[in-house]
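J.: Structure of the sequence below:
(chains A and B)
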Number of protein chains: 2
Amino acid sequence: MTIVLYDLASRDDLRFSPNCWRTRLALAHKGLAADAVPTRFTEIADICGGGQKTIPVIEDGDSTVADSWQIANYLEETYADAPSLFGGAAGREYARFVQAWVQSQIHTRLARLIIKDVHDILTPEDQGYFRESRERAFRRSLEEIHAARDAHVDDLRRALTPVRQVIESQPFLGGEAPLYPDYLVFSALQWGRTTGSLALMADDDPLNAWVERCLDLHGGLARSAPARAT
Amino acid sequence: MTIVLYDLASRDDLRFSPNCWRTRLALAHKGLAADAVPTRFTEIADICGGGQKTIPVIEDGDSTVADSWQIANYLEETYADAPSLFGGAAGREYARFVQAWVQSQIHTRLARLIIKDVHDILTPEDQGYFRESRERAFRRSLEEIHAARDAHVDDLRRALTPVRQVIESQPFLGGEAPLYPDYLVFSALQWGRTTGSLALMADDDPLNAWVERCLDLHGGLARSAPARAT
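T.: Residues are numbered from 1 along each chain as shown, chains lettered A, B, ... in the order given. Model (predicted):
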(Lines give C-alpha, C1' and ligand atoms only; values in the text may rest on other atoms or scores of the structure.)
Protein backbone atom coordinates (compact mmCIF):
# COMPACT_ATOMS: atom_id res chain seq x y z
CA MET A 1 0.00 0.00 0.00
CA THR A 2 1.28 3.45 -0.91
CA ILE A 3 2.14 5.68 2.04
CA VAL A 4 0.96 9.29 1.79
CA LEU A 5 3.55 11.93 2.69
CA TYR A 6 2.42 15.50 3.11
CA ASP A 7 5.42 17.29 1.64
CA LEU A 8 6.08 21.02 1.85
CA ALA A 9 5.94 22.63 -1.61
CA SER A 10 6.66 25.96 -3.24
CA ARG A 11 4.42 27.93 -5.57
CA ASP A 12 5.84 25.85 -8.45
CA ASP A 13 5.63 22.52 -6.59
CA LEU A 14 9.33 22.45 -5.75
CA ARG A 15 10.07 20.26 -2.71
CA PHE A 16 12.58 22.10 -0.53
CA SER A 17 11.85 21.30 3.14
CA PRO A 18 14.79 19.67 4.95
CA ASN A 19 12.52 17.87 7.39
CA CYS A 20 10.36 16.50 4.56
CA TRP A 21 13.42 15.38 2.58
CA ARG A 22 14.57 13.35 5.59
CA THR A 23 11.30 11.46 5.48
CA ARG A 24 11.24 11.07 1.72
CA LEU A 25 14.73 9.57 1.75
CA ALA A 26 13.86 7.38 4.75
CA LEU A 27 10.84 5.97 2.87
CA ALA A 28 13.03 5.29 -0.18
CA HIS A 29 15.71 3.69 2.02
CA LYS A 30 13.04 1.30 3.30
CA GLY A 31 11.91 0.60 -0.27
CA LEU A 32 8.41 1.88 0.48
CA ALA A 33 6.21 3.42 -2.21
CA ALA A 34 5.10 6.91 -1.25
CA ASP A 35 2.85 9.58 -2.67
CA ALA A 36 4.45 12.92 -1.77
CA VAL A 37 1.47 15.27 -1.76
CA PRO A 38 2.44 18.92 -2.32
CA THR A 39 1.35 20.93 0.71
CA ARG A 40 1.77 24.63 1.46
CA PHE A 41 2.46 26.07 4.92
CA THR A 42 -1.04 27.55 4.99
CA GLU A 43 -2.62 24.20 4.07
CA ILE A 44 -1.09 22.19 6.92
CA ALA A 45 -4.00 22.92 9.27
CA ASP A 46 -6.37 21.18 6.83
CA ILE A 47 -4.54 17.88 6.22
CA CYS A 48 -5.45 14.62 7.97
CA GLY A 49 -8.76 16.03 9.15
CA GLY A 50 -7.09 18.94 10.99
CA GLY A 51 -4.91 19.31 14.07
CA GLN A 52 -1.50 19.08 12.39
CA LYS A 53 0.93 21.95 13.01
CA THR A 54 4.01 20.91 11.01
CA ILE A 55 4.99 18.58 8.20
CA PRO A 56 6.16 15.96 7.34
CA VAL A 57 3.15 13.91 8.31
CA ILE A 58 2.59 10.44 6.88
CA GLU A 59 -0.55 8.35 6.54
CA ASP A 60 0.12 4.62 6.41
CA GLY A 61 -3.18 2.78 6.31
CA ASP A 62 -4.89 3.68 9.56
CA SER A 63 -1.76 5.20 11.10
CA THR A 64 -1.02 8.92 10.99
CA VAL A 65 2.46 9.89 12.19
CA ALA A 66 3.82 13.43 12.50
CA ASP A 67 7.38 14.70 13.09
CA SER A 68 10.33 13.42 11.07
CA TRP A 69 11.97 11.73 14.08
CA GLN A 70 8.77 9.95 15.06
CA ILE A 71 8.27 8.90 11.44
CA ALA A 72 11.81 7.49 11.18
CA ASN A 73 11.25 5.46 14.34
CA TYR A 74 7.81 4.33 13.14
CA LEU A 75 9.25 3.15 9.82
CA GLU A 76 12.16 1.37 11.52
CA GLU A 77 9.81 -0.53 13.84
CA THR A 78 6.95 -1.15 11.43
CA TYR A 79 9.16 -2.21 8.52
CA ALA A 80 11.82 -4.01 10.56
CA ASP A 81 12.62 -6.44 7.72
CA ALA A 82 13.47 -3.63 5.26
CA PRO A 83 16.98 -2.11 5.25
CA SER A 84 17.66 -0.46 8.62
CA LEU A 85 17.71 3.34 8.88
CA PHE A 86 19.73 3.28 12.09
CA GLY A 87 21.78 0.07 12.11
CA GLY A 88 20.80 -0.91 15.65
CA ALA A 89 20.36 0.76 19.03
CA ALA A 90 23.67 2.66 19.06
CA GLY A 91 23.06 3.77 15.50
CA ARG A 92 19.72 5.19 16.61
CA GLU A 93 21.62 7.26 19.18
CA TYR A 94 23.93 8.36 16.35
CA ALA A 95 20.89 9.64 14.45
CA ARG A 96 19.55 11.37 17.56
CA PHE A 97 22.85 13.20 18.10
CA VAL A 98 23.25 14.20 14.45
CA GLN A 99 19.68 15.49 14.38
CA ALA A 100 20.36 17.69 17.43
CA TRP A 101 23.60 18.85 15.81
CA VAL A 102 22.03 19.58 12.41
CA GLN A 103 19.12 21.49 13.90
CA SER A 104 21.12 23.56 16.38
CA GLN A 105 24.32 24.14 14.39
CA ILE A 106 23.52 23.78 10.68
CA HIS A 107 19.89 24.76 10.08
CA THR A 108 20.36 27.97 12.05
CA ARG A 109 23.45 28.96 10.06
CA LEU A 110 21.90 27.92 6.75
CA ALA A 111 18.69 29.84 7.42
CA ARG A 112 20.66 33.09 7.58
CA LEU A 113 21.89 32.44 4.03
CA ILE A 114 18.68 31.32 2.31
CA ILE A 115 15.69 32.62 4.25
CA LYS A 116 14.86 35.34 1.73
CA ASP A 117 15.29 32.86 -1.15
CA VAL A 118 12.87 30.46 0.55
CA HIS A 119 10.35 33.26 0.94
CA ASP A 120 10.60 34.15 -2.73
CA ILE A 121 9.54 30.70 -4.01
CA LEU A 122 6.40 30.41 -1.84
CA THR A 123 2.77 31.10 -2.78
CA PRO A 124 1.52 34.60 -1.86
CA GLU A 125 -0.47 33.14 1.06
CA ASP A 126 2.57 31.27 2.37
CA GLN A 127 4.77 34.36 1.95
CA GLY A 128 2.61 36.30 4.38
CA TYR A 129 2.79 33.55 7.03
CA PHE A 130 6.49 32.92 6.44
CA ARG A 131 7.58 36.57 6.63
CA GLU A 132 5.59 37.25 9.78
CA SER A 133 6.75 34.15 11.69
CA ARG A 134 10.39 34.28 10.60
CA GLU A 135 10.84 38.02 11.14
CA ARG A 136 9.44 37.57 14.64
CA ALA A 137 11.90 34.71 15.33
CA PHE A 138 14.95 36.52 13.91
CA ARG A 139 13.83 39.99 15.09
CA ARG A 140 14.95 41.38 11.75
CA SER A 141 13.42 41.76 8.31
CA LEU A 142 14.12 39.09 5.72
CA GLU A 143 15.84 41.76 3.65
CA GLU A 144 18.21 42.66 6.50
CA ILE A 145 19.13 39.00 7.05
CA HIS A 146 19.66 38.55 3.29
CA ALA A 147 21.88 41.63 3.01
CA ALA A 148 24.26 40.28 5.67
CA ARG A 149 24.47 36.75 4.33
CA ASP A 150 27.84 36.83 2.57
CA ALA A 151 29.57 37.36 5.90
CA HIS A 152 28.13 34.07 7.21
CA VAL A 153 29.09 31.64 4.44
CA ASP A 154 32.43 30.72 5.99
CA ASP A 155 30.75 30.15 9.34
CA LEU A 156 28.51 27.48 7.80
CA ARG A 157 31.44 25.87 6.01
CA ARG A 158 33.44 25.68 9.26
CA ALA A 159 30.48 24.22 11.14
CA LEU A 160 30.34 21.38 8.58
CA THR A 161 33.93 20.32 9.37
CA PRO A 162 32.96 17.11 11.24
CA VAL A 163 31.06 15.80 8.19
CA ARG A 164 33.93 16.80 5.90
CA GLN A 165 36.44 14.95 8.08
CA VAL A 166 34.40 11.75 8.22
CA ILE A 167 33.59 11.53 4.51
CA GLU A 168 37.21 12.15 3.55
CA SER A 169 37.94 8.57 4.63
CA GLN A 170 34.69 6.78 3.72
CA PRO A 171 31.71 7.18 1.35
CA PHE A 172 28.97 7.98 3.89
CA LEU A 173 28.45 9.05 7.51
CA GLY A 174 26.97 5.56 7.89
CA GLY A 175 30.20 3.99 6.61
CA GLU A 176 30.18 2.15 3.28
CA ALA A 177 26.43 2.76 2.87
CA PRO A 178 24.12 5.58 3.98
CA LEU A 179 22.25 5.62 7.28
CA TYR A 180 19.74 8.14 8.61
CA PRO A 181 22.51 10.55 9.73
CA ASP A 182 23.43 10.97 6.04
CA TYR A 183 19.83 11.92 5.26
CA LEU A 184 19.73 14.39 8.16
CA VAL A 185 22.76 16.33 6.96
CA PHE A 186 22.11 15.96 3.25
CA SER A 187 18.53 17.20 3.64
CA ALA A 188 19.84 20.42 5.17
CA LEU A 189 22.09 20.94 2.16
CA GLN A 190 19.24 19.97 -0.17
CA TRP A 191 17.23 22.81 1.40
CA GLY A 192 20.00 25.16 0.36
CA ARG A 193 20.51 23.50 -3.01
CA THR A 194 16.87 23.79 -4.08
CA THR A 195 16.16 27.29 -2.80
CA GLY A 196 19.40 29.22 -2.44
CA SER A 197 20.83 31.71 -4.89
CA LEU A 198 24.41 31.27 -3.72
CA ALA A 199 26.75 28.28 -3.72
CA LEU A 200 27.02 26.94 -0.19
CA MET A 201 30.30 25.08 -0.67
CA ALA A 202 33.50 26.09 -2.38
CA ASP A 203 34.20 24.29 -5.66
CA ASP A 204 37.03 22.28 -4.13
CA ASP A 205 35.15 21.27 -0.96
CA PRO A 206 35.35 17.47 -0.41
CA LEU A 207 31.72 17.67 0.74
CA ASN A 208 30.62 18.12 -2.86
CA ALA A 209 31.46 14.51 -3.73
CA TRP A 210 29.39 13.26 -0.80
CA VAL A 211 26.46 15.48 -1.84
CA GLU A 212 26.67 13.98 -5.34
CA ARG A 213 26.61 10.47 -3.85
CA CYS A 214 23.50 11.37 -1.85
CA LEU A 215 21.84 12.85 -4.94
CA ASP A 216 22.44 9.53 -6.75
CA LEU A 217 20.78 7.41 -4.04
CA HIS A 218 17.47 5.62 -4.60
CA GLY A 219 17.37 6.20 -8.33
CA GLY A 220 18.40 9.85 -8.09
CA LEU A 221 15.38 10.74 -5.94
CA ALA A 222 16.84 13.95 -4.49
CA ARG A 223 18.26 14.98 -7.87
CA SER A 224 14.68 15.15 -9.17
CA ALA A 225 14.39 18.50 -7.36
CA PRO A 226 16.30 21.03 -9.47
CA ALA A 227 19.15 23.03 -7.99
CA ARG A 228 18.59 26.76 -7.94
CA ALA A 229 22.17 27.95 -7.32
CA THR A 230 24.31 28.06 -10.44
CA MET B 1 47.79 -8.81 32.52
CA THR B 2 47.92 -5.11 33.32
CA ILE B 3 47.93 -2.80 30.30
CA VAL B 4 50.37 0.11 30.46
CA LEU B 5 48.96 3.50 29.47
CA TYR B 6 51.34 6.38 28.97
CA ASP B 7 49.24 9.19 30.37
CA LEU B 8 50.03 12.89 30.06
CA ALA B 9 50.79 14.41 33.48
CA SER B 10 51.36 17.82 35.01
CA ARG B 11 54.20 18.86 37.30
CA ASP B 12 52.11 17.54 40.22
CA ASP B 13 51.04 14.33 38.44
CA LEU B 14 47.59 15.63 37.59
CA ARG B 15 46.07 13.79 34.62
CA PHE B 16 44.42 16.38 32.38
CA SER B 17 44.78 15.27 28.74
CA PRO B 18 41.42 14.81 26.96
CA ASN B 19 42.85 12.23 24.58
CA CYS B 20 44.35 10.22 27.45
CA TRP B 21 41.11 10.39 29.45
CA ARG B 22 39.27 8.85 26.50
CA THR B 23 41.59 5.88 26.66
CA ARG B 24 41.52 5.60 30.43
CA LEU B 25 37.73 5.51 30.43
CA ALA B 26 37.69 3.08 27.50
CA LEU B 27 39.98 0.71 29.43
CA ALA B 28 37.72 0.97 32.48
CA HIS B 29 34.61 0.42 30.33
CA LYS B 30 36.19 -2.82 29.12
CA GLY B 31 37.00 -3.80 32.70
CA LEU B 32 40.71 -3.92 31.93
CA ALA B 33 43.34 -3.26 34.59
CA ALA B 34 45.66 -0.45 33.56
CA ASP B 35 48.77 1.21 34.93
CA ALA B 36 48.53 4.87 33.92
CA VAL B 37 52.18 5.93 33.86
CA PRO B 38 52.65 9.69 34.30
CA THR B 39 54.39 11.06 31.22
CA ARG B 40 55.38 14.63 30.38
CA PHE B 41 55.27 16.12 26.87
CA THR B 42 59.07 16.18 26.78
CA GLU B 43 59.27 12.52 27.81
CA ILE B 44 57.07 11.15 24.98
CA ALA B 45 60.02 10.67 22.63
CA ASP B 46 61.59 8.25 25.13
CA ILE B 47 58.67 5.89 25.83
CA CYS B 48 58.28 2.46 24.17
CA GLY B 49 61.87 2.51 22.95
CA GLY B 50 61.40 5.77 21.05
CA GLY B 51 59.50 6.85 17.94
CA GLN B 52 56.26 7.97 19.61
CA LYS B 53 55.08 11.52 18.90
CA THR B 54 51.86 11.77 20.91
CA ILE B 55 50.10 10.04 23.78
CA PRO B 56 48.03 8.09 24.71
CA VAL B 57 50.06 5.03 23.82
CA ILE B 58 49.26 1.64 25.34
CA GLU B 59 51.40 -1.46 25.75
CA ASP B 60 49.37 -4.65 25.99
CA GLY B 61 51.75 -7.59 26.15
CA ASP B 62 53.65 -7.49 22.89
CA SER B 63 51.31 -4.96 21.29
CA THR B 64 52.04 -1.23 21.29
CA VAL B 65 49.15 0.94 20.05
CA ALA B 66 49.22 4.73 19.62
CA ASP B 67 46.39 7.23 18.99
CA SER B 68 43.19 7.18 21.04
CA TRP B 69 41.01 6.15 18.06
CA GLN B 70 43.32 3.27 17.14
CA ILE B 71 43.40 2.22 20.78
CA ALA B 72 39.60 2.25 21.07
CA ASN B 73 39.35 0.06 17.97
CA TYR B 74 42.12 -2.23 19.22
CA LEU B 75 40.35 -2.70 22.56
CA GLU B 76 36.99 -3.30 20.90
CA GLU B 77 38.44 -6.00 18.64
CA THR B 78 40.87 -7.60 21.09
CA TYR B 79 38.43 -7.66 24.01
CA ALA B 80 35.28 -8.38 22.01
CA ASP B 81 33.64 -10.25 24.90
CA ALA B 82 33.93 -7.30 27.28
CA PRO B 83 31.24 -4.55 27.23
CA SER B 84 31.21 -2.87 23.83
CA LEU B 85 32.60 0.66 23.45
CA PHE B 86 30.67 1.28 20.23
CA GLY B 87 27.58 -0.94 20.31
CA GLY B 88 28.10 -2.30 16.80
CA ALA B 89 29.11 -1.02 13.38
CA ALA B 90 26.74 1.97 13.26
CA GLY B 91 27.77 2.88 16.81
CA ARG B 92 31.39 2.92 15.67
CA GLU B 93 30.38 5.47 13.04
CA TYR B 94 28.67 7.44 15.83
CA ALA B 95 31.97 7.53 17.70
CA ARG B 96 33.84 8.55 14.56
CA PHE B 97 31.47 11.46 13.94
CA VAL B 98 31.49 12.64 17.56
CA GLN B 99 35.30 12.51 17.61
CA ALA B 100 35.47 14.72 14.50
CA TRP B 101 32.91 17.04 16.07
CA VAL B 102 34.66 17.23 19.46
CA GLN B 103 38.05 17.87 17.94
CA SER B 104 36.97 20.47 15.40
CA GLN B 105 34.22 22.26 17.34
CA ILE B 106 34.85 21.73 21.07
CA HIS B 107 38.60 21.29 21.67
CA THR B 108 39.34 24.39 19.60
CA ARG B 109 36.87 26.52 21.56
CA LEU B 110 37.94 25.06 24.90
CA ALA B 111 41.63 25.62 24.19
CA ARG B 112 41.02 29.38 23.94
CA LEU B 113 39.65 29.31 27.49
CA ILE B 114 42.21 27.13 29.26
CA ILE B 115 45.47 27.17 27.30
CA LYS B 116 47.28 29.43 29.77
CA ASP B 117 45.95 27.38 32.69
CA VAL B 118 47.28 24.20 31.08
CA HIS B 119 50.68 25.84 30.63
CA ASP B 120 50.79 26.85 34.26
CA ILE B 121 50.48 23.28 35.64
CA LEU B 122 53.28 21.80 33.50
CA THR B 123 56.89 21.10 34.43
CA PRO B 124 59.35 23.86 33.42
CA GLU B 125 60.65 21.68 30.57
CA ASP B 126 57.13 21.05 29.28
CA GLN B 127 56.24 24.75 29.62
CA GLY B 128 58.96 25.67 27.15
CA TYR B 129 57.76 23.13 24.57
CA PHE B 130 54.09 23.94 25.15
CA ARG B 131 54.45 27.72 24.86
CA GLU B 132 56.52 27.53 21.71
CA SER B 133 54.28 25.04 19.87
CA ARG B 134 50.94 26.56 20.93
CA GLU B 135 51.94 30.17 20.30
CA ARG B 136 53.05 29.14 16.82
CA ALA B 137 49.71 27.38 16.20
CA PHE B 138 47.57 30.24 17.55
CA ARG B 139 49.89 33.02 16.29
CA ARG B 140 49.38 34.82 19.59
CA SER B 141 50.97 34.69 23.02
CA LEU B 142 49.33 32.52 25.69
CA GLU B 143 48.74 35.70 27.67
CA GLU B 144 46.87 37.35 24.78
CA ILE B 145 44.65 34.27 24.32
CA HIS B 146 44.01 34.17 28.08
CA ALA B 147 43.11 37.86 28.27
CA ALA B 148 40.38 37.42 25.64
CA ARG B 149 38.87 34.26 27.07
CA ASP B 150 35.78 35.65 28.81
CA ALA B 151 34.36 36.71 25.45
CA HIS B 152 34.46 33.09 24.24
CA VAL B 153 32.68 31.26 27.08
CA ASP B 154 29.22 31.63 25.53
CA ASP B 155 30.56 30.38 22.22
CA LEU B 156 31.63 27.10 23.84
CA ARG B 157 28.31 26.76 25.64
CA ARG B 158 26.38 27.25 22.40
CA ALA B 159 28.57 24.73 20.57
CA LEU B 160 27.64 22.11 23.20
CA THR B 161 23.92 22.46 22.43
CA PRO B 162 23.60 19.07 20.65
CA VAL B 163 24.88 17.23 23.74
CA ARG B 164 22.61 19.28 25.98
CA GLN B 165 19.58 18.45 23.85
CA VAL B 166 20.28 14.71 23.81
CA ILE B 167 20.96 14.32 27.52
CA GLU B 168 17.84 16.27 28.45
CA SER B 169 15.81 13.20 27.47
CA GLN B 170 18.16 10.34 28.43
CA PRO B 171 21.08 9.67 30.81
CA PHE B 172 23.93 9.33 28.28
CA LEU B 173 24.78 10.00 24.63
CA GLY B 174 24.85 6.20 24.34
CA GLY B 175 21.27 5.99 25.67
CA GLU B 176 20.62 4.37 29.04
CA ALA B 177 24.33 3.55 29.45
CA PRO B 178 27.51 5.28 28.27
CA LEU B 179 29.24 4.51 24.98
CA TYR B 180 32.52 5.86 23.59
CA PRO B 181 30.83 9.12 22.39
CA ASP B 182 30.16 9.96 26.05
CA TYR B 183 33.86 9.52 26.82
CA LEU B 184 34.86 11.69 23.87
CA VAL B 185 32.78 14.64 24.99
CA PHE B 186 33.26 14.15 28.72
CA SER B 187 37.05 13.96 28.32
CA ALA B 188 37.03 17.39 26.69
CA LEU B 189 35.16 18.80 29.67
CA GLN B 190 37.44 16.89 32.04
CA TRP B 191 40.37 18.74 30.41
CA GLY B 192 38.69 21.99 31.37
CA ARG B 193 37.61 20.73 34.79
CA THR B 194 41.10 19.65 35.85
CA THR B 195 43.06 22.60 34.49
CA GLY B 196 40.77 25.59 34.07
CA SER B 197 40.39 28.47 36.44
CA LEU B 198 36.92 29.38 35.26
CA ALA B 199 33.63 27.49 35.33
CA LEU B 200 32.85 26.26 31.83
CA MET B 201 29.13 25.77 32.36
CA ALA B 202 26.54 27.96 34.02
CA ASP B 203 25.24 26.63 37.35
CA ASP B 204 21.85 25.79 35.86
CA ASP B 205 23.21 24.07 32.73
CA PRO B 206 21.59 20.62 32.26
CA LEU B 207 25.01 19.40 31.14
CA ASN B 208 26.21 19.52 34.74
CA ALA B 209 24.08 16.51 35.70
CA TRP B 210 25.53 14.49 32.81
CA VAL B 211 29.08 15.49 33.80
CA GLU B 212 28.35 14.26 37.33
CA ARG B 213 27.08 10.95 35.95
CA CYS B 214 30.29 10.56 33.95
CA LEU B 215 32.40 11.40 37.01
CA ASP B 216 30.61 8.60 38.89
CA LEU B 217 31.33 5.94 36.25
CA HIS B 218 33.74 3.06 36.88
CA GLY B 219 34.07 3.66 40.61
CA GLY B 220 34.48 7.42 40.25
CA LEU B 221 37.60 7.06 38.09
CA ALA B 222 37.44 10.55 36.54
CA ARG B 223 36.52 12.12 39.88
CA SER B 224 39.90 10.98 41.20
CA ALA B 225 41.42 13.91 39.30
CA PRO B 226 40.62 17.01 41.33
CA ALA B 227 38.73 19.90 39.79
CA ARG B 228 40.61 23.16 39.63
CA ALA B 229 37.73 25.55 38.94
CA THR B 230 35.80 26.53 42.05
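J.: Can you name the residues of chain A sitting close to chain B?
T.: Proximity of chain A to chain B (Cβ under 8 Å from any Cβ of the partner chain) is limited to residues A:86-94, A:96-98, A:100-101, A:104-105, A:159, A:161-163, A:165-166, A:173-175, A:179, A:181. Placement of C-beta: from N, CA and C, glycine included.
J.: Narrow those to just the buried residues.
T.: Among the residues of chain A next to chain B, those scoring as buried are A:86-87, A:89-94, A:96-98, A:100-101, A:104-105, A:159, A:161-163, A:165-166, A:173-175, A:179, A:181 (criterion: 16 or more other Cβ atoms under 10 Å in any protein chain shown).
J.: Restricted to strands, list these.
T.: In strands, judged by DSSP state E, none of those are found.
J.: any idea of the mean pLDDT for stretch A:120-132?
T.: Model confidence over stretch A:120-132, given as mean pLDDT, is 97.
J.: buried stuff in it?
T.: Buried, per 16+ other Cβ under 10 Å, within stretch A:120-132: A:120-123, A:126-127, A:130-131.
J.: Look at the most centrally placed residue in chain A and report its pLDDT.
T.: With distances taken as Cα atoms, centre = their mean, A:Pro18 lies nearest the centre of chain A, 1.6 Å away. On the pLDDT scale, A:Pro18 is placed at 98.
J.: Got the phi and psi for it?
T.: A:Pro18 has phi and psi values of phi -60, psi -40 when expressed as degrees, to the nearest 10.
J.: hang on, isn't it packed against A:Ala188?
T.: Yes: taking Cβ atoms under 8 Å as the definition, A:Pro18 is a contact partner of A:Ala188 at 5.0 Å.
J.: Quick check: neighbours shared by the two?
T.: Here A:Pro18 and A:Ala188 have A:His107 as joint contacts, going by Cβ atoms under 8 Å, 6 or more residues apart in numbering or on different chains.
J.: Tell me where the model's unsure across chain A.
T.: By pLDDT under 70, the low-scoring segments of chain A are A:229-230.
J.: Which of the buried ones among the residues of chain A next to chain B fall in helices?
T.: Secondary structure from DSSP state H places A:89-94, A:96-98, A:100-101, A:159, A:161-163, A:165-166, A:181 of those in helices.
J.: all helices of chain A, in order?
T.: For chain A, helices defined by DSSP H occupy the ranges A:18-29, A:68-78, A:89-101, A:108-120, A:124-138, A:142-147, A:153-159, A:161-167, A:180-195, A:207-220.
J.: Which among those is found nearest to B:Ser63?
T.: Evaluated over the helices of chain A, closeness to B:Ser63 peaks at helix A:89-101, with 25.9 Å, by Cβ to Cβ.
J.: B:Ser141 versus A:Val102, what's the distance?
T.: To B:Ser141, A:Val102 is 37 Å away according to Cβ to Cβ, to the nearest Å.
J.: okay, these two: which has more neighbours?
T.: Applying other Cβ atoms under 10 Å in any protein chain shown to A:Val102 and B:Ser141 shows that A:Val102 carries more neighbours, namely 23 against 13.
J.: so what's that one up against?
T.: Counting by Cβ under 8 Å, 6+ apart, A:Val102 makes contact with A:184-185, A:188.
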